[in-house]
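Visitor: show me the folded form of this:
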Amino acid sequence: MIRLTLPDGTVREYERGIKVYDVTADISEGLARVAVGAVVNEKIMGMQESINEDSSFRVVKFEDPEGKKIFWHTSAHIMAYAVQKLFPGVKFAIGPAIDNGFYYDFDTEHRFTPEDLELIENEMHNIAKEGYLLERFEMSRDEALKFFKDSGEVYKVDLIENLPPEEIISFYKLGEFTDLCAGPHLYDTKRVKAIKLMSIAGAYWRGDEKNKMLQRIYGTTYEKKKDLEEYLNRLEEAKKRDHRKLGRELDLFSMQDEGPGFPFFHPKGMIIRNILETFWRDEHTKRGYGEIKTPLILSEHLWHQSGHWDHYKENMYFTSIDEGAFAIKPMNCPGSILVYKSKMYSYRDFPLRWGELGLVHRHELSGALHGLMRVRSFTQDDAHLYLLPSQVKEELKKTIDLADYIYGIFGFKYRIELSTRPENSMGSEEQWELATTSLQEALDEKGIEYKINPGDGAFYGPKIDFHLEDAIGRTWQCGTIQLDFQMPERFDLTYVDKDNEKKRPVMVHRTILGSMERFMGILIEHFAGKFPAWLAPVQATVLPISEKFNDYAHEIRRTMEDKGFRVETDDRAEKIGFKIREAQMMKIPYMLVVGEKEIEEGLVSVRKRDEGDLGQMSMEAFIDKLSEEVSKKII
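Guide: Okay, the predicted model is just below:
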């Protein structure tokens, strides 16, 4: 017998080898009808898989992240079976589930077209309706190699030859399609009701440009047609909000061939960036942070000492100065540590809170670059805290509060994930346990729900990550809090304690915005370029109805500029309707229309970007209104 522990703590006993489906049905027949699999001892398993040991057991549905992996992995097999039926002779590479769907890589002389995607999609619907079972079986290594060599599946042979000798070689059979696969999968294909193949792309085998270029088909599937339609609508909305497109249209930033992955900020983009940096500085000053600035280039030996050389070298850039080896910093922490080491501290000096808007460079593959979201140079809103052990929990809670406040200013909801010790980590088990427990206790005492990501911490310590949800429901990883016992040890950081003995401080690394570049990209998409008045590069534009009112328009602009507002005047010889449409396209929060009546009465006609005509008001009234929006950071 084996014992399975359910999420509510109850324990059930079953015969060894029982199927996931049978356990689920035993818990509830209704649950078995909506379940797509289970998480058993942290491993995702399909309904047809067997359980052979005492385990934790949690049923998952499609709406769960693990459920989507099962659903979309099965959908990749359905697509592969459809391709096999329609295009005989194709060779199969890999077909995993990914965020928002799946893909499969194919090797065929036929060049897939958009019309082919429609044919494949229709065949997938036919396969799904047939309700084929996903049948799992195993083979020995020799049997598996023979099976695929006989059928000419060279990519499957390559995969098997590179598996560890002890690896169980499992297969899944779907109708006449058999694939090398570890799973997990749906019990059958009937659950897949809504199907959409999205695009075709090229992909080198194993991501190596020395290998053959394969054809990759991307797709997504859902249990219900309305859910697919909602997803496709979100995609369309995301296209409209694409920060690269809006960055060009609003003249905020550009990416140039002469600096791939290195963004160029234009004057209007710099206005937003400077506002963000000023806001960041003000909020940190209020909370007792000092600001430091450390060099962009530091000696190579420093990166050996910090551990980055062993764990991060492939992402770094290097240079030589006076015949010495140097590295362009990929992280700010070693520079902060050198500032700490420049003097001796007493326990009375703690906590030390040092912020740094530090420019870092990291080598990203060209295929991974994506506007401001994935770049090779970026400015982290970094801070490093040096603490007594007794101060750690309280400072962690204060940092969480600061992040909560800043995200709230921009209207973001968020969720938190706690990432624990990775395989390639530094330090002892005891240090990691203490650091992880400190983070957990801080979250628990704040009453915050969080998800644990086993093995996803930094190499020097566990971390809390903040995942922001934007206006259309997408999530973005931004802030992070990392607790570090390793760097203080590697750099021999000390302070003099009250007993006059030298002790080791605890170090906390943290960002809140993540990086100025990425956060700006997220804000552009979150607001769809319609920045609130306090953040907008141009807060108001004055629109004279004709040229004879230009002088009054410029007078209004100067009055507002004297009050510190960012204002433009559109004095072109164009009709007022054209000027209003232009201002709307540039997403300017306020338009002040002026003509003869406004001059006579000393007023302005106010139009708001998303509300239309607000009527006439005095300049004093409008300035008061705009001042309130800016001072309160109304969104």
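
Visitor: please count neighbours and contacts with C-alpha atoms only from this point.
Guide: OK.

Visitor: any weak-confidence spans in the chain?
Guide: In the predicted model, the chain carries no residue with pLDDT under 70.

Visitor: longest helix in it, by residue count?
Guide: Identified as the longest helix of the chain according to DSSP state H is helix 65-86.

Visitor: put the alpha carbons of that helix into CSV.
Guide: Only the C-alpha atoms of helix 65-86 are listed here, as CSV (Å, rounded to 0.1, in the frame of the first residue of the first chain):
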residue,chain,number,x,y,z
PRO,A,65,-0.5,26.4,-14.6
GLU,A,66,0.3,22.7,-14.4
GLY,A,67,-3.0,21.9,-16.0
LYS,A,68,-2.2,24.1,-19.0
LYS,A,69,1.2,22.4,-19.4
ILE,A,70,-0.6,19.0,-19.6
PHE,A,71,-3.3,20.3,-22.0
TRP,A,72,-0.9,22.1,-24.3
HIS,A,73,1.7,19.3,-24.4
THR,A,74,-1.1,17.0,-25.5
SER,A,75,-2.1,19.5,-28.1
ALA,A,76,1.4,19.5,-29.5
HIS,A,77,1.0,15.7,-30.1
ILE,A,78,-2.4,16.3,-31.7
MET,A,79,-0.8,18.8,-34.1
ALA,A,80,2.1,16.4,-34.8
TYR,A,81,-0.4,13.6,-35.6
ALA,A,82,-2.3,15.9,-37.9
VAL,A,83,0.9,16.9,-39.8
GLN,A,84,1.8,13.2,-40.1
LYS,A,85,-1.5,12.5,-41.7
LEU,A,86,-1.4,15.4,-44.1
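
Visitor: tell me the buried residues in it?
Guide: If you call a residue buried by 16 or more other Cα atoms under 10 Å, then helix 65-86 has these buried ones: 66-84.

Visitor: measure how buried residue 398 is and give me the count.
Guide: Number of residues near residue 398 (other Cα atoms under 10 Å) recorded here: 14.

Visitor: against residue 443, how distant is it?
Guide: Distance of residue 398 to residue 443, computed by Cα to Cα, to the nearest Å: 11 Å.

Visitor: same check on residue 105?
Guide: Between residue 105 and residue 443 the distance is 42 Å, computed by Cα to Cα.

Visitor: the more surrounded of those two?
Guide: Neighbours around residue 105 and residue 443, counted as other Cα under 10 Å, are more numerous at residue 105. The numbers are 25 against 20.

Visitor: what's opposite that one in the beta bridge?
Guide: For residue 105, the beta-bridge partners are residue 216 (DSSP bridges).

Visitor: who touches it in this structure?
Guide: With contacts taken as Cα atoms under 8 Å, 6 or more residues apart in numbering, residue 105 has the following neighbours: 92-95, 203, 214-217.

Visitor: from those residues, which is closest to residue 591?
Guide: When the contacts of residue 105 are compared for distance to residue 591 (Cα to Cα), residue 217 wins out at 46.6 Å.

Visitor: surely the closest one is in contact with residue 196?
Guide: No: look at residue 217 against residue 196 with Cα atoms under 8 Å: they stay out of range, at 10.9 Å.

Visitor: higher neighbour count, the two?
Guide: Relative neighbour count places residue 217 above the other of residue 217 and residue 196, with 23 against 20, counting by other Cα under 10 Å.

Visitor: for the more buried one, which non-adjacent residue is closest in space?
Guide: If you skip the residues right next to it in sequence, residue 217 has residue 200 as its closest partner in space, 4.7 Å away by Cα to Cα, 6 or more residues apart in numbering.

Visitor: make sure the one you found is indeed in a strand.
Guide: Yes: checked against DSSP: H, G, I helix; E, B strand; the rest coil, residue 200 lies within a strand.

Visitor: please tell me how far residue 467 sits from residue 414.
Guide: Here the distance between residue 467 and residue 414 works out to 5 Å (Cα to Cα).

Visitor: go on, residue 65?
Guide: According to Cα to Cα, residue 65 and residue 414 sit 17 Å apart.

Visitor: list the helices and strands the next helix or strand after the longest helix of the chain packs on?
Guide: Scanning forward in sequence from helix 65-86 by DSSP states H and E, the next helix or strand is strand 91-92. Packing contacts for strand 91-92, counted by 3 or more Cα pairs under 8 Å, 6 or more residues apart in numbering; DSSP states H and E, involve strand 101-107, helix 154-161.

Visitor: make it 6 Å
Guide: The elements that strand 91-92 packs onto, with contact taken as 3 or more Cα pairs under 6 Å, 6 or more residues apart in numbering; DSSP states H and E, are strand 101-107.

Visitor: buried sites along the strand it packs on?
Guide: Of the residues in strand 101-107, those buried under the neighbour-count criterion (16+ other Cα under 10 Å) are 101-107.

Visitor: one more: stretch 351-370?
Guide: Quick answer for stretch 351-370 (16+ other Cα under 10 Å): 351-362, 364.

Visitor: what does it contact?
Guide: By Cα atoms under 6 Å, 6 or more residues apart in numbering, the list of residues contacting stretch 351-370 from outside reads 289-293, 315-316, 329-331, 375-387.

Visitor: quick one, domains of this protein?
Guide: By the record's domain assignment, the chain is partitioned as 2-61, 66-238, 261-294+330-526, 540-631 (automatic domain parsing).

Visitor: identify whichever of these lies nearest to residue 254.
Guide: Closest of those to residue 254 is domain 261-294+330-526, at 5.2 Å (criterion: Cα to Cα).

Visitor: that closest one: how far from the chain's middle?
Guide: Distance, stretch centre to chain centre, for domain 261-294+330-526: 16 Å (Cα atoms, centre = their mean, to the nearest Å).

Visitor: got the end-to-end distance for it?
Guide: Across its full length, domain 261-294+330-526 reaches 22 Å between end residues, using Cα to Cα.

Visitor: element containing residue 439, please.
Guide: In this structure, residue 439 sits in helix 429-446 according to DSSP H and E.

Visitor: immediately after that helix, which helix or strand?
Guide: strand 450-453.

Visitor: who does that following strand touch, helix- and strand-wise?
Guide: Packing partners of strand 450-453 (3+ Cα pairs under 6 Å, 6+ apart): strand 413-419.

Visitor: elements contacting the strand it packs on?
Guide: If you count contacts as 3+ Cα pairs under 6 Å, 6+ apart, strand 413-419 packs onto strand 450-453, strand 463-469.

Visitor: would you reformat those as a markdown table and include distance to residue 246 and mean neighbour count?
Guide: Written out in a markdown table, the entries for the helices and strands packed on strand 413-419 read as follows (distance: least, Cα to Cα, whole Å; neighbours: other Cα atoms under 10 Å):
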| stretch | distance to residue 246 | mean neighbour count |
| --- | --- | --- |
| strand 450-453 | 34 | 14 |
| strand 463-469 | 20 | 24 |
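
Visitor: closest to residue 594 out of the ones you listed?
Guide: Ranked by Cα to Cα, the member of those that lies closest to residue 594 is strand 463-469, at 40.1 Å.

Visitor: so which elements touch the closest one?
Guide: In terms of contacts (3+ Cα pairs under 6 Å, 6+ apart), strand 463-469 is packed against strand 413-419, strand 475-484.
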